[in-house]
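Chemist: Okay, sequence plus prediction incoming.
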Amino acid sequence: MSGIDRAFQVLDHLTRCGRPATAYDIARALAAPASTVYEVIDTLVAKGALSRTDGNGRVFLGPRLHFYGLAYAKELSLERVLSAEITALSQSTGETVQVCGRDGDMMVVLMMAEGARVFRIASQVGTRVPLNWTASGRLLVAPLAKAERRALFARAKASPTGRAETDPKRLEAASQAAWAARLAVQVSEADEDVACIAAPIRDAAGGCPATISIVLPATRAREQQPALAEAVRGAAAEVEAAMGWRDPGGAA
């Protein structure tokens, strides 16, 4: 393992622990050679990335990291992060990718990156459809208080295809299952032969301010669902990590 990789291991460990630790304790936690960890820590202390906290050899995150964080936060923009992520996802899949949010009983398309395939699903920013017609809608309401969620689902409307779920109990169960899986899929519920594979963007408070979704023909969705599901969940996780809502090296 390179020195830079080991340095990040040390920094990540201290961040996760949230408290000072000795070089010996860190080496043991990382299952790393003590001599290597001592050397890495000495270098990080010298550079200000770590600070010694007492006379017993404990170290913790140093002041230099604070300035890095300030510089990163200054340029941080959710819109910029989302734009970059949906563009990359659209390019890698060839499909149309949306960012969706909620306005009352409606799901709203907030951003879009159009796919490059000859046969693709068209979409427009500003499109509004009832929450129960969409995969994103089920995710957007999942973190709400139960009473609010039930009230929304009680107003569910029938879709043009007649396939969108309208039963409040089944909608609530589907919403909670989708949230647990970090994935919702709908096929031909709002429009014939149109499918949507969506993942939630979860903020630091546990809410869902938006979703990322791939919109594509139903046939391709059935054929490629596992790969597309992994891709859209990965894109959402990248946004969460970039915004500081999740540990980029930790579990989802």
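Modeler: Everything's here; your move. Residues are numbered from 1 along each chain as shown.

Chemist: what about the strands in the stretch 1-150 of the chain?
Modeler: Listed in chain order, the strands found in the stretch 1-150 of the chain under DSSP state E, counting those that start in this stretch are 50-52, 59-61, 96-103, 106-113, 128-130.

Chemist: Counting by contacts, list what the last one packs against.
Modeler: Contact analysis of strand 128-130 by 3 or more CB pairs under 8 Å, 6 or more residues apart in numbering; DSSP states H and E lists strand 106-113 as its packing neighbours. (Each C-beta comes from the backbone N, C-alpha and C, glycine too.)

Chemist: which intervals of the stretch 1-150 of the chain have sub-threshold pLDDT?
Modeler: 75-76, 118, 122 (pLDDT under 70).

Chemist: about what we covered before: with respect to burial, which of the strands of the stretch 1-150 of the chain scores highest?
Modeler: For the strands of the stretch 1-150 of the chain, the largest average neighbour count (mean count of other CB atoms under 10 Å) is found in strand 96-103, namely a mean of 22.

Chemist: which helices and strands sit right next to that strand?
Modeler: By 3+ CB pairs under 8 Å, 6+ apart, strand 96-103 packs against helix 78-93, strand 106-113, helix 135-141, strand 210-217.

Chemist: Deepest in the core, which of the ones you listed is it.
Modeler: helix 135-141 (a mean of 29).

Chemist: that older thread, can I get the strands of the stretch 1-150 of the chain in TSV with distance to Gly18?
Modeler: Below are these laid out as TSV (distance: least, CB to CB, whole Å):
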stretch	distance to Gly18
strand 50-52	15
strand 59-61	9
strand 96-103	32
strand 106-113	34
strand 128-130	43
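
Chemist: The chain: helices as residue ranges?
Modeler: 3-17, 23-30, 34-46, 63-75, 78-93, 135-141, 146-154, 168-181, 218-242 (DSSP state H).

Chemist: Kindly report the domain assignment for the protein.
Modeler: Following automatic domain parsing, one finds the domains of the chain at 3-74, 78-242.

Chemist: end to end, how far does the last one reach?
Modeler: As for domain 78-242, its first-to-last residue distance stands at 9 Å under the measure CA to CA, to the nearest Å.

Chemist: how far away is the residue of the chain positioned farthest from its centre from Thr22?
Modeler: Using CA atoms, centre = their mean, the residue of the chain lying farthest from its centre is Gly55. It sits 41.0 Å away. Separation of Gly55 from Thr22 (CB to CB, to the nearest Å): 11 Å.

Chemist: just to revisit the earlier point, so which of the helices of the chain is the most packed in?
Modeler: When you average the neighbours per residue for each of the helices of the chain (mean count of other CB under 10 Å), helix 135-141 leads with a mean of 29.

Chemist: Give me the contacts around that one.
Modeler: Helix 135-141 is contacted from outside by 98, 100-102, 107, 129-132, 148-149, 152-153, 171, 174-175, 178-179, 184-186, 196-200, 208, 210-211, 213, using CB atoms under 8 Å, 6 or more residues apart in numbering.

Chemist: and the gap between Thr127 and Ser136?
Modeler: Distance of Thr127 to Ser136, computed by CB to CB: 11 Å.

Chemist: For my notes, please list the helices and strands packed on strand 96-103 in TSV and give distance to Val239 for each entry.
Modeler: TSV is the format used below for those (distance: least, CB to CB, whole Å):
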stretch	distance to Val239
helix 78-93	5
strand 106-113	11
helix 135-141	14
strand 210-217	7
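
Chemist: Relative to Met243, which of those is closest?
Modeler: For the helices and strands packed on strand 96-103, proximity to Met243 was assessed by CB to CB; helix 78-93 is nearest, at 6.2 Å.

Chemist: And the closest one, what does it pack against?
Modeler: Contacts defined by 3+ CB pairs under 8 Å, 6+ apart place helix 78-93 against strand 96-103, strand 106-113, strand 210-217, helix 218-242.

Chemist: Distance to Val81 added to the ones you listed, as TSV?
Modeler: Output for the helices and strands packed on helix 78-93, formatted as TSV (distance: least, CB to CB, whole Å):
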stretch	distance to Val81
strand 96-103	10
strand 106-113	11
strand 210-217	11
helix 218-242	5
